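> Mind looking at a prediction? Sequence and model below.
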Amino acid sequence: MPDDLTTIPPITTDYEPPRTPWGDPDLRGTWPIENLDQMGMRIERPEEFGNRAWLTDEEYAERLAEARASDDSFVNELRSGGTQGLADWLESTDFGRRNSMLIDPPNGRFPPLTEEAQPLQAAGRSSWVSGQARDWITDLDIYDRCVTRGFPASMFPFPYNNGIRIFQAPGLVVIHHEMMSTRIVPLGATERWSDDVRTYMGQPIGHWDGNTLVIETTNIIHGDAADPEIHRRAASPNAWDTTYPTSPEARVVERLTMVSPERIIYEITYSDPLVYTAPWTARYDWTRDDDYEFYEFACHEGNVQVRDMINSSRAQRRLDAEAAAAAPAPEDTGSGG
């Protein structure tokens, strides 16, 4: 951690990772980002920190005490609370002292939206927006409907199923997510798809910059969360607000740098000049855990929540209407003549 708590030091590149049999840096393994959610880390920095990217010693001691209490409360039973090894993990990495994943802009918050994007974001439909009526599936976003979390949202932690596994072969890197996506990254490719060929995860092309894997992704499906037609919906780039639109100009650059046998620093820069007034960059740790198990994420097959969310919204509005009808009429406070 730097002496200046507003400074983000550059990523160290002096570690020499092992090599694959064909000579590439060997990133293969399982790298769950479960601890990022367990520690309560979010993408954006709370506004009260301003440009300060790091916790003070007192703030860190409080976070560590909470993690130890959480570890102590762990019970290995279905739906139990508590964590395992969170305090040890916080002490093993300087990321344990950070207060957001975003490092640029300097305030650790997403840049303002453009004038064109603001109404699209405000009109977005999603179960994550408080107070919106839900009458049909068109009132839900594509994550609610188990289509995808999209890219780059899939690269950020969620409250569950945060496994990431890397496979490598000559000329290829595969990033497999526990939740709903697998990315196949060709190395050294030069040809981009035509503009009308797009996927929710985009077209990634990778190359090695020394020992750092650099992935540049374009051709992401564009749109917003307001359109009633699901095939015109896009996934939000913001993993914690699914109503942000994506434009045809969205471009993502990722950098994966192994800094020890057990740790990768992941950095991502997102640019979309039709949506954000400036690019934004996030950086956070991946920690190796090859004992982490992947299980089938059968989202669509068991997605009873769509019906439940619609039924509960309709029921709540009926109750509100009945309560309003039963309320006594307000007294006439006007003066008669």
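Yep, it's here.

> quick one: residue 205 and residue 171, what's the gap?
Per C-beta to C-beta, to the nearest Å, residue 205 is found 12 Å from residue 171. Glycine gets a C-beta too; all of them are placed from N, C-alpha and C.

> which of those two has more neighbours?
More crowded of residue 205 and residue 171, by other C-beta atoms under 10 Å: residue 205, with 18 against 13.

> Any buried residues in stretch 149-161, and which?
By 16 or more other C-beta atoms under 10 Å, the buried positions in stretch 149-161 come out as 149-158, 161.

> show me the contacts for residue 148.
Going by C-beta atoms under 8 Å, 6 or more residues apart in numbering, residue 148 touches 142, 154, 180-181, 200-201, 235.

> Oops, could you answer that again for residue 106 instead?
For residue 106, the contacting residues are 6, 51, by C-beta under 8 Å, 6+ apart.

> now do the one 4 residues further on
Contacts for residue 110 were tallied using C-beta under 8 Å, 6+ apart; they are 43-44, 102, 238, 276, 280.

> Starting from residue 21, give me the distance back to it.
Distance, residue 110 to residue 21, by C-beta to C-beta: 42 Å.

> picking that back up, can you tell me which of the buried residues of stretch 149-161 are in helices?
Among those, none falls in helices (DSSP state H).

> just to revisit the earlier point, common neighbours of residue 205 and residue 171, please.
With C-beta under 8 Å, 6+ apart, residue 205 and residue 171 have common neighbours residue 186.

> Show me which of the buried residues of stretch 149-161 is closest to residue 191.
Nearest to residue 191 among these: residue 151, at 19.8 Å, using C-beta to C-beta.

> Could you dump the buried residues of stretch 149-161 into TSV and include distance to residue 134 and pLDDT?
Formatted as TSV, those follow (distance: C-beta to C-beta, whole Å; pLDDT from 0 to 100):
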residue	distance to residue 134	pLDDT
149	20	90
150	21	92
151	26	95
152	27	96
153	21	94
154	24	94
155	28	96
156	25	95
157	26	92
158	21	87
161	24	88
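
> Nearest to residue 93 among those residues?
Lowest distance from residue 93 to those (C-beta to C-beta) belongs to residue 157, with 14.7 Å.

> Tell me which entries of the contacts of residue 148 lie within strands.
residue 181 (DSSP state E).

> Of the contacts of residue 148, just the buried ones, ChimeraX syntax please.
Per 16+ other C-beta under 10 Å, the buried members of the contacts of residue 148 correspond to this ChimeraX selection:
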select :142,154,180,181,200,201,235
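
> Let me see the contact set for residue 198.
Residues near residue 198 by C-beta under 8 Å, 6+ apart: 219-222.
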